[in-house]
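A.B. asks: I would like to see how this sequence folds:
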Amino acid sequence: MKMLLSDAKALGLDYVELKATKDAVKLYKSLGFEEAFSKYTDMKFEL
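C.D. replies: Numbers count the residues shown, from 1 in each chain. Here you go, the predicted structure:
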């Protein structure tokens, strides 16, 4: 993950977004991720 974040910075990306399980939230927060709240709702259509 640290390599991915380093590469993202080197590429000039503005942010990295992910979906974390409840068990992984603490891990990602320790890496500097913050909870993101959106006015959008995740949706999908299964075939």
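A.B. asks: relative to residue 28, how far out is residue 22?
C.D. replies: Separation of residue 22 from residue 28 (Cβ to Cβ, to the nearest Å) stands at 11 Å. (Each C-beta comes from the backbone N, C-alpha and C, glycine too.)
A.B. asks: who has more neighbours out of the two?
C.D. replies: Set residue 22 next to residue 28 and count neighbours by other Cβ atoms under 10 Å: residue 28 wins out with 15 against 6.
A.B. asks: any idea whether residue 27 is helix, strand or coil?
C.D. replies: Under DSSP: H, G, I helix; E, B strand; the rest coil, the three-state class of residue 27 is helix.
A.B. asks: quick check: nearest residue in space to it, chain neighbours excluded?
C.D. replies: Leaving aside its chain neighbours, residue 27 sits nearest to residue 20 (7.9 Å; criterion: Cβ to Cβ, 6 or more residues apart in numbering).
A.B. asks: what is the burial count for the one you found?
C.D. replies: With neighbours defined by other Cβ under 10 Å, the count for residue 20 comes to 13.
A.B. asks: same check on residue 16?
C.D. replies: Residue 16 has 14 neighbours, counted by other Cβ under 10 Å.
A.B. asks: repeat that for residue 46.
C.D. replies: 3.
A.B. asks: confidence score at it?
C.D. replies: The model reports residue 46 with a pLDDT of 95.
A.B. asks: quick one: residue 21 and residue 30, what's the gap?
C.D. replies: Taking Cβ to Cβ as the measure, residue 21 falls 15 Å from residue 30.
A.B. asks: ok, back up a step: so who does the residue nearest to residue 27 touch?
C.D. replies: With contact set as Cβ atoms under 8 Å, 6 or more residues apart in numbering, residue 20 has these partners: 27, 28, 33.
A.B. asks: now with 10 Å, please.
C.D. replies: For residue 20, the set of contacting residues under the criterion of Cβ atoms under 10 Å, 6 or more residues apart in numbering consists of 26, 27, 28, 29, 33, 35.
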